[in-house]
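A.B. asks: here's a sequence, model it:
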Amino acid sequence: VTTGQVLSLLLLFGVSDLVSAAIRYAIPEEARRGSAVGNVVADLALDLTRLPGRRLRVVSGGNKKYFGVDLTSGALLVSERIDREELCGGLSPCSLSFEIVVENPLELYSGAVEIQDINDNDPVFPSSQARLEISESVAAGARFPLESAQDPDVGINSLQTYQLSANPHFALDVQTRVDGSKYAELVLEKELDREEQRELHLVLTALDGGSPPRSADVQIHIDVVDANDNAPVFNQSTYKASVRENTPSGTLVARTSAYDLDDGPNGDVVYSFSSHTPAKVRELFALDSATGELRVKGQLDYEETKLYEIYLQAKDKGAVPGVAHCKVLVEVVDVNDNAPEVTVTSVYSPVPEDAAPGTVVALLSVMDLDSHDNGLVNCFISPGIPFMLSSSLKNYHTLKTKAALDREKASEYNITVTARDSGSPPLSVVKQILVQVSDVNDNAPKSSQDSYDVYVLENNMPGIPILNVSATDPDLGRNAHLSYTILQGDPTVGHLFSINHENGTLYLLTSLDHEDQVEFSMMVQVQDGGSPPLATNVSVSVFVIDLNDNAPTVLYPHPNTTSTYTNVVAPGTPAGHMVTKVVAVDADAGYNAWISYTLLQATDPSLFSVGLHSGKIFTARQLQEDDSPQHTLIILLKDHGEPVLSTSATVSISVAEMVKEVLTDLTDGAPAKDPRTHVTFYLILAVILVSAAFFITILSVGIFKCYKWRQSKELFNSSRSTLYRTPGPFHHIDAVRGGFMPPNFYHQVYLTTDSRQSDLLCKKPFTSSPLGSRQSTMRNGEPGLYHQIVGTASRLPTPAEQAQPNTDWRFSQTQRPGTSG
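C.D. replies: Purely as a prediction, here's the structure:
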């Protein structure tokens, strides 16, 4: 048979969650390598096109891999030399078992190939010559066993018959043993006559059943001796005994006994193995020639041979010894002397950590050469791990997951599989299986903190790093590779800031100006490289710290105007009279915007003084008639920044008689009778009314400012960051620039010098801003105040109004270059 013959139908049955089938083939031994045994793919109804992806392979026991599968045709091929006699010896039929494992999904199919014997061995006799001594007194019909030939082939190719050369005295009787083997006996048909013929030469031929048959010859030399009338006789023809395997050498198996009625040497019995007793039996058993005791000599193995058929003979010591024959049947009893064998047929590693419970991880083959309970094997694994063992087929177990895996907790499991038989005492074996857990993207990046506050000095160098966003991901490999991105909420943020996608370093691309914007808010997204990716958002707030980079700016008197505004004061004005006021502003914040005023130069330094924090110019003494009519004052304005920045303002004051002339005109129109009485009365009344109105106004303003100060303090405390912080105990700030306005347009609110409240700044909603919520908060907190401030600040004072010395301008509007309106 060159392509193999299917001997049985394909049997399909389901065990556990594996699909299995049993198939059988038959091939002759010594088939050449590459010979086809059968098409397993077709017989198992598998899809040939999917075989490369399903990793089909053949698993067979032993050290040699006798079969393989051609994935292109699906044929089962011979891959090693197969010698039936080497594999099975005299056992028939001879089969090689194999398993076919297919993955995705995992399926197991069992099969067997019967190795058919071919006639490749000649019969062999133990020796080329045999010598027999036969007494002439032996009667016709006597039988003489001959040495058996051995043929390792089986079936029809084994030893089938014997042939004897032609002779007048003997015929050949071929007998069959229990195991089916043949042996020959000479049968005396015509009594011998020593005087007629002293010896005979015969040829015994052993033939097997092959085609053509093979044969072997042995020369039989028969010596005819003188008569010994009585032969030994065994007390029974068959003896039975049982012995445990691994029984130590020298153990008694059976005691045989034979007797001879003759006297003297013809009656002395000698025991020996029969001539056709196999050499293997002679190695395992010893026979005492004097007593007939059969003892263990070698190592018995139940797994190799379960029953021994031993042939013994007893001879007397006569000149022509008589011979008796018997048979001893020795049954070997099994003991638990073989530990189980565990073979890992297939391991699916690494296992994804999101594998569902019940996922098959490994396929185990368990075998025990012992029988009955000694060969019954139980397998188990150590507790406390998310795996379990289940039996799928006889002698096969599957290792599965029984719970969810987590690579971050355990990246691998060294599973100990213990196989223990049911013998007494039980034997066990331990097998280690390493199962690795592969990572899946099941953890989002985690930042060390949810938000960052960064403080940056204004006028910084472009391109400097200001923050490193730190995040970690417990996943592995690509799933733990993090990238950092700024989410584009505010378009201005993308032009000012940049982040390194690999390490999360935040860079400042341009120089910031505290006077343009105080705070920037952005959202940084940290994303891993998994599929699908997971991300975490981190809030970043950048606060611009003010530097003293703006000198005070004089608003009144205007330094660059061509018109000259001269303040007029009447002669005789008493000391402490406010002549005018220098109004200035500093675009910085905090200490940097706190302005102090000093008199740098004056026509008469003793005549005028300047308020240090108010900028008000007062008369230091009463004006005299001989004082100079024109005075020029140079006022130095300095902030409190580091370094100190300053500017100067020039104030012109004229001393004139305007007041006296007015008073003179008024007295001329009065009755001559008492010219001063009515003027004095009206002046006193006017002073009283004006003082009362001034006191009521100051009191009302103070109450109103205290109320607004308390309200604005609660408002500003509730916001995330204040407009600015005053770093000391100073409260007298003339004007401070806030940070709510966009760079192109803003309103400033200036409070009086004596105000103990920080300046309040509001913006119009021209453009969207990340600080728009604060504007809304201010609107909601005091809508009237908001509209009052915005409406009041929308007009600049006229030159005539600026010339009024007693006017305290509290609102001004500044427009950046490049803007309109």
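A.B. asks: can we go C-alpha only for contacts and neighbour counts from here?
C.D. replies: Will do.
A.B. asks: show me the shaky parts of this structure.
C.D. replies: The model of the chain has pLDDT under 70 over residues 1-21, 61-62, 226, 228, 560-565, 658-678, 712-821.
A.B. asks: now do the helices in it.
C.D. replies: Using DSSP state H, the helices of the chain run over residues 40-43, 51-54, 84-88, 279-284, 491-496, 658-668, 675-718, 772-781, 783-792, 799-803.
A.B. asks: only alpha carbons, please: show stretch 494-510 as PDB.
C.D. replies: Only the C-alpha atoms of stretch 494-510 are listed here, as PDB (Å, rounded to 0.1, in the frame of the first residue of the first chain):
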ATOM      1  CA  GLY A 494      -1.400  78.500  20.700                       C
ATOM      2  CA  HIS A 495       0.700  81.500  19.500                       C
ATOM      3  CA  LEU A 496       2.200  82.100  22.900                       C
ATOM      4  CA  PHE A 497       2.900  78.600  24.300                       C
ATOM      5  CA  SER A 498       4.300  75.300  22.900                       C
ATOM      6  CA  ILE A 499       4.700  71.900  24.500                       C
ATOM      7  CA  ASN A 500       7.200  69.200  23.800                       C
ATOM      8  CA  HIS A 501       5.100  66.200  22.700                       C
ATOM      9  CA  GLU A 502       7.500  63.700  24.100                       C
ATOM     10  CA  ASN A 503       8.500  65.000  27.600                       C
ATOM     11  CA  GLY A 504       5.700  67.500  28.400                       C
ATOM     12  CA  THR A 505       8.000  70.500  28.700                       C
ATOM     13  CA  LEU A 506       5.900  73.700  28.300                       C
ATOM     14  CA  TYR A 507       7.800  76.500  26.500                       C
ATOM     15  CA  LEU A 508       7.000  80.300  26.200                       C
ATOM     16  CA  LEU A 509       7.300  81.300  22.600                       C
ATOM     17  CA  THR A 510       7.200  85.100  23.000                       C
END
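A.B. asks: list the buried residues of that stretch.
C.D. replies: Under the neighbour-count criterion of 16 or more other Cα atoms under 10 Å, stretch 494-510 has 496, 497, 498, 499, 500, 504, 505, 506, 507, 508, 509 buried.
A.B. asks: for residue 99, name its beta-bridge partners.
C.D. replies: residue 59, residue 110 (DSSP bridges).
A.B. asks: how many neighbours does it have?
C.D. replies: 20 (other Cα atoms under 10 Å).
A.B. asks: from residue 610, how far off is it?
C.D. replies: Separation of residue 99 from residue 610 (Cα to Cα, to the nearest Å): 110 Å.
A.B. asks: and residue 572, by the same measure?
C.D. replies: Separation of residue 572 from residue 610 (Cα to Cα): 19 Å.
A.B. asks: which one of these two has more residues nearby?
C.D. replies: Ranked by neighbour count (other Cα under 10 Å), residue 572 and residue 610 place residue 610 first, with 23 against 15.
A.B. asks: ok, residue 455 - contacts?
C.D. replies: By Cα atoms under 8 Å, 6 or more residues apart in numbering, the contact set of residue 455 is 542, 543, 544, 545.
A.B. asks: who wins on neighbours among those residues?
C.D. replies: Result: residue 544 is most packed of these (other Cα under 10 Å), 23 neighbours.
A.B. asks: what residues are bridge-paired with it?
C.D. replies: If you apply DSSP bridges, the partners that residue 544 bridges to are residue 456.
A.B. asks: correct me, but it touches residue 521?
C.D. replies: No: counting by Cα atoms under 8 Å, residue 544 does not reach residue 521; the two are 11.5 Å apart.
A.B. asks: excluding sequence neighbours, find me the nearest residue to residue 176.
C.D. replies: Leaving aside its sequence neighbours, residue 176 sits nearest to residue 182 (Cα to Cα, 6 or more residues apart in numbering; 4.6 Å).
A.B. asks: from the middle of its chain, how far away would stretch 615-634 be?
C.D. replies: Taking Cα atoms, centre = their mean, to the nearest Å, one finds the center of stretch 615-634 at 87 Å from the center of the full chain.
A.B. asks: please apply the same query to stretch 446-463.
C.D. replies: On Cα atoms, centre = their mean, the centre of stretch 446-463 falls 34 Å from that of its chain.
A.B. asks: quick one on the thing from earlier: residue contacts, the residue nearest to residue 176?
C.D. replies: By Cα under 8 Å, 6+ apart, the neighbours of residue 182 are 148, 159, 160, 161, 174, 175, 176.
A.B. asks: do you know how far the fifth one is from residue 180?
C.D. replies: Going back to what we said before, that points to residue 174. Using Cα to Cα, which is the criterion applied here, residue 174 is 12 Å from residue 180.
A.B. asks: what of the third one?
C.D. replies: Residue 160 sits 10 Å away from residue 180 when distances are taken as Cα to Cα.
A.B. asks: between those two, which is the more surrounded one?
C.D. replies: residue 160 (22 against 13).
A.B. asks: residues contacting the more buried one?
C.D. replies: 182, 206, 207, 208, 209.
A.B. asks: let's see 10 Å
C.D. replies: 123, 151, 154, 174, 176, 180-183, 206-210, 213 (Cα atoms under 10 Å, 6 or more residues apart in numbering).
A.B. asks: who wins for neighbours among those?
C.D. replies: Using other Cα under 10 Å as the neighbour criterion, residue 206 leads the contacts of residue 160 with 28 neighbours.
A.B. asks: wait, doesn't that one sit right on residue 215?
C.D. replies: Yes: between residue 206 and residue 215 a contact is recorded at 5.3 Å, counting by Cα atoms under 10 Å.
A.B. asks: mind listing the shared neighbours of the two?
C.D. replies: Common contacts of residue 206 and residue 215 (Cα under 10 Å, 6+ apart): 122, 123, 124, 149, 151, 159, 161, 162, 163.
A.B. asks: isn't the second one right up against residue 154?
C.D. replies: Read it as residue 123. No: checked against Cα under 10 Å, the pair residue 123 and residue 154 is beyond contact range at 11.4 Å.
A.B. asks: name the residues contacting each of the two.
C.D. replies: What both residue 123 and residue 154 touch, as defined by Cα under 10 Å, 6+ apart, is the set 160, 208.
A.B. asks: before we move on, the earlier item: now tabulate the shared contacts of residue 206 and residue 215 in JSON lines and tack on distance to residue 551.
C.D. replies: Listed next are the shared contacts of residue 206 and residue 215 as JSON lines, based on distance: Cα to Cα, whole Å:
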{"residue": "122", "distance to residue 551": "123"}
{"residue": "123", "distance to residue 551": "125"}
{"residue": "124", "distance to residue 551": "125"}
{"residue": "149", "distance to residue 551": "128"}
{"residue": "151", "distance to residue 551": "122"}
{"residue": "159", "distance to residue 551": "126"}
{"residue": "161", "distance to residue 551": "132"}
{"residue": "162", "distance to residue 551": "134"}
{"residue": "163", "distance to residue 551": "137"}
